[in-house]
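> Next comes the sequence, and after it the predicted model I'd like to discuss.
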There are 2 protein chains.
Amino acid sequence: MAVTLNDIANKAGVSVSTVSRVLNHKTKKYRISAETENLIVQAAKKLNYRPNQLARGLRLKKTHTIGLVVPDISNPFFAHVTRIIQTHAYKSGYSLIVCNTDEDINTELAQIELLISKGVDGFIVMPVGTTYVHFEKLMNDDVPLVLLDRSFDNLNINSVVVDNYAGAYKATEYLISMGHARIAIIQGLPDTYTNNARVQGYLGALNDHGIALNSNYIVGKDFRKENGYIETKFLLGLEDPPTAIFTTSDLITLGVLEAISEENIRVPEDISLVSFDDIDFAPFLLAPLTAVRQPKEMMGEVAVKLLIDELKLKKDHDHRKIVLKPELIIRNSVKNLSSPSEITVSKVD
Amino acid sequence: MAVTLNDIANKAGVSVSTVSRVLNHKTKKYRISAETENLIVQAAKKLNYRPNQLARGLRLKKTHTIGLVVPDISNPFFAHVTRIIQTHAYKSGYSLIVCNTDEDINTELAQIELLISKGVDGFIVMPVGTTYVHFEKLMNDDVPLVLLDRSFDNLNINSVVVDNYAGAYKATEYLISMGHARIAIIQGLPDTYTNNARVQGYLGALNDHGIALNSNYIVGKDFRKENGYIETKFLLGLEDPPTAIFTTSDLITLGVLEAISEENIRVPEDISLVSFDDIDFAPFLLAPLTAVRQPKEMMGEVAVKLLIDELKLKKDHDHRKIVLKPELIIRNSVKNLSSPSEITVSKVD
DNA sequence: AGCTTTTATGCAAACGTTTGCGCAAATTTT
DNA sequence: AAAATTTGCGCAAACGTTTGCATAAAAGCT
């Protein structure tokens, strides 16, 4: 059986209260004598005492645990920020319960309920993103909460996001600057924060440069690999296939690459590619990938900081929205069409 | 404030005991009348009751939480198996506290202590791997435990691992079959389970094929990217550089690729490469990567199953060691030297 | 109608902590 | 030497559950 305060109390010949107090370093406040303190510390050490955090949490209504809700930990992007969050949380004395939602709103709801039940002190959530009543509820209940990666414009809530519009705009503009006009976008889950902003950025750039919109070029339905694969097949099969594809996530990009390799065409010679999310291996791909890089470290670190601030101060300070700037990393997956050259996609079947 | 059993009891005009019993579906055992049951269920629903799992855990000594200890969640391999574990655990009604150890034994120790304090029902640990007294202690205390990915040969403990020897052997043998004899290995953290087996597999294959060992060709000190980078620089600078490099992890491979690209040489023309760990993007690298693929899904799933079996049955059944077979995925990162052709590494500086 | 059995529920202890309050002994003040 | 203060620690309640035991009411039996 686990050793408890009681065991120590017995061994040291004092009461549990006293034990609790010295083990919590409240000796001055309660004027415990140096010798009893010593006695107790020794006993605790000898018995190899380990505080029961459940009992503690129950009594204190604090567990020093934060709940992290993420759509898919196996996605490199999420994995990376999870790691950063873990590190910083641990450094501040918090541990992490990690939950996966599989981009499903009901799972998200269930996981949050569960985490509350388990007494987490606060949340960092990367929401699925189509609805947010549950977050309003949490805020009404004064549950410390910060949204990460995705937020909601019409909600005054702690969040740290990336300027997705700017990222997509830059990517698209770069494509345009390289002479592309037939630019497709493979979007992720429609109506989510990140997706919408990315699509808007794409549209904005197109519009600002007077490029007419081809509705066939806006495709896709979720952030997964299969989506990238299928939509690429579709795009390549069009009568007037695009000369460039802009993908809205790394997993989509993976699917795109699979499709492209199956079709026996090459990047960037036959089709150009720009990706949101910059993966580690991007420089070493067959076509070193031009991509929008999100400041993952910063995102994770800031999210933790925001949450812990709220946990500590518990002030009713205004909620903060922090938006970080993404960066376009230019490599070699886009063909320059500006110089006079043919703009055909040679497709080999 | 959170609503408790007491609140429901008041609203329904019964005692907390009764409420607890119906909410736990013990109505038959305690013969609660259908009407009180109904009353209580209604009240609970109306008040939006959410059980306090801390209190529950304290009383029951069960939290339905399992602790996952992993060296580095941002590593694609670990991220992937973490995801699998999460999914299966959740399906069985368990949630996951995830801890990172950064390949540091002291952090591992601390994290395990912490998790016990938090009352996890059991552990899945991917150990750092150099020492195991703490695991013996856990087993003596009858804490359900399964080791994943790495184990200890002289320890009778639940574990699911991959046959690293076989994987490395196959990889090396393949290299040999392609005519390579100057084969280097960049190892990970020495004295760890996986690393040793991989090095042994490499040595075994060399030996079985009568290839003399060049001690300059065994380099490396941890599983990180920087290690791959530095050691590749070293290897390429040798008087008789290897014609092939076998890396013992995906992150190392990343470093190798960085070094290689800096040196302006090509895979597989100038140097061949085989990697342990098959990453998603491997097929689309400049040189589609030949790699040893570990059965990640199976590993995660089996680990969870083993643990939950132990949690449920609590039988003193023998501990099981499950070893899964890896697979060599042959792509195009190895040059065939068998056909008469020069075996030089042309290095451009 | 009295006795036994069954039915339906409540009491209270326990899980391991923390902490306000109280109080005896020791010390200081008058 | 009595009164006042300080020192050092223990009592007991509380956090929200679960569950063995007790028990009052209802039902069944003779």
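That came through fine.
> Now find how far off-centre the helix or strand of chain A with the lowest mean pLDDT is within its chain.
Taking mean pLDDT, DSSP states H and E as the measure, chain A has strand A:95-100 as its least confident helix or strand, at a mean of 90. On the basis of C-alpha atoms, centre = their mean, to the nearest Å, strand A:95-100 sits 13 Å off its chain's mean C-alpha point.
> near chain B at all, that strand?
Yes: against chain B, strand A:95-100 shows contacts by C-beta under 8 Å from any C-beta of the partner chain at A:95, A:96, A:97, A:98, A:99, A:100. The C-beta positions use only the backbone N, C-alpha and C, and glycine is treated the same way.
> Let me know the closest of those residues to DNA strand C.
residue A:95 (16.6 Å; C-beta to the nearest atom of the strand).
> Tell me the spacing between the closest one and residue B:112.
In this view, residue A:95 and residue B:112 are 12 Å apart by C-beta to C-beta, to the nearest Å.
> Next: residue A:285.
For residue A:285, the distance to residue B:112 - C-beta to C-beta - is 39 Å.
> one step back: export the residues of strand A:95-100 next to chain B as a markdown table, with columns for neighbour count and distance to residue B:321.
Listed next are those as a markdown table, based on neighbours: other C-beta atoms under 10 Å in any protein chain shown; distance: C-beta to C-beta, whole Å:
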| residue | neighbour count | distance to residue B:321 |
| --- | --- | --- |
| A:95 | 22 | 29 |
| A:96 | 24 | 30 |
| A:97 | 22 | 29 |
| A:98 | 23 | 27 |
| A:99 | 23 | 30 |
| A:100 | 25 | 28 |
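> Any chance of these in JSON lines with distance to DNA strand D as columns?
What follows is the residues of strand A:95-100 next to chain B, written out as JSON lines (distance: C-beta to the nearest atom of the strand, whole Å):
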{"residue": "A:95", "distance to DNA strand D": "20"}
{"residue": "A:96", "distance to DNA strand D": "23"}
{"residue": "A:97", "distance to DNA strand D": "19"}
{"residue": "A:98", "distance to DNA strand D": "24"}
{"residue": "A:99", "distance to DNA strand D": "21"}
{"residue": "A:100", "distance to DNA strand D": "26"}
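> Can you tell me which of those is closest to residue A:228?
The closest of these to residue A:228 turns out to be residue A:100 (C-beta to C-beta; 20.6 Å).
> Next one: that closest one relative to residue B:273, how far apart?
Distance from residue A:100 to residue B:273, by C-beta to C-beta: 33 Å.
> residues from the stretch 51-200 of chain A in reach of DNA strand D?
Those residues of the stretch 51-200 of chain A that sit near DNA strand D, judged by C-beta under 7 Å from any atom of the strand, are A:55, A:58, A:59, A:61.
> which of those residues has the most neighbours?
Counting neighbours by other C-beta atoms under 10 Å in any protein chain shown, residue A:58 leads those with 19 neighbours.
> tell me what the strand or helix carrying that one is packed against?
For residue A:58, the host element (DSSP states H and E) is helix A:53-60. Under the contact criterion of 3 or more C-beta pairs under 8 Å, 6 or more residues apart in numbering or on different chains; DSSP states H and E, helix A:53-60 touches helix B:53-60.
> right, is the helix it packs on up against DNA strand C?
Yes: contact of helix B:53-60 with DNA strand C (C-beta under 7 Å from any atom of the strand) involves B:55, B:58, B:59.
> now check the helix or strand following that helix, is it near chain A?
The element immediately downstream of helix B:53-60 (helix or strand, assigned by DSSP H and E) is strand B:65-70. Yes: judged by C-beta under 8 Å from any C-beta, strand B:65-70 comes into contact with chain A at residue B:65.
> Next, the angle from strand B:65-70 to helix B:53-60.
Put simply, strand B:65-70 runs at 110 degrees to helix B:53-60, going by axes from the mean of the first three to the mean of the last three C-alpha atoms, to 10 degrees.
> Can I get strand B:65-70 as PDB, trimmed to CA atoms?
The C-alpha trace of strand B:65-70 is given here as PDB (Å, rounded to 0.1, in the frame of the first residue of the first chain):
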ATOM      1  CA  THR B  65      -6.000   6.800 -16.800                       C
ATOM      2  CA  ILE B  66      -2.900   5.400 -18.200                       C
ATOM      3  CA  GLY B  67       0.500   7.100 -18.200                       C
ATOM      4  CA  LEU B  68       2.400   7.200 -21.400                       C
ATOM      5  CA  VAL B  69       6.100   8.000 -21.200                       C
ATOM      6  CA  VAL B  70       7.800   8.700 -24.400                       C
END
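> tell me how far that strand is from the chain's mean position?
With C-alpha atoms, centre = their mean, you get 11 Å for strand B:65-70.
> For that strand, enumerate the helices and strands it packs against.
Where contact means 3+ C-beta pairs under 8 Å, 6+ apart, strand B:65-70 is packed against helix B:76-91, strand B:95-100, helix B:105-117, strand B:122-125.
> Of those, which is nearest residue A:46?
Nearest of the helices and strands packed on strand B:65-70 (C-beta to C-beta): helix B:105-117, 16.7 Å.
> Tell me which residues of that closest one come out buried.
Using 16 or more other C-beta atoms under 10 Å in any protein chain shown as the test for burial, helix B:105-117 gives B:107, B:108, B:111, B:112, B:114, B:115, B:116, B:117.
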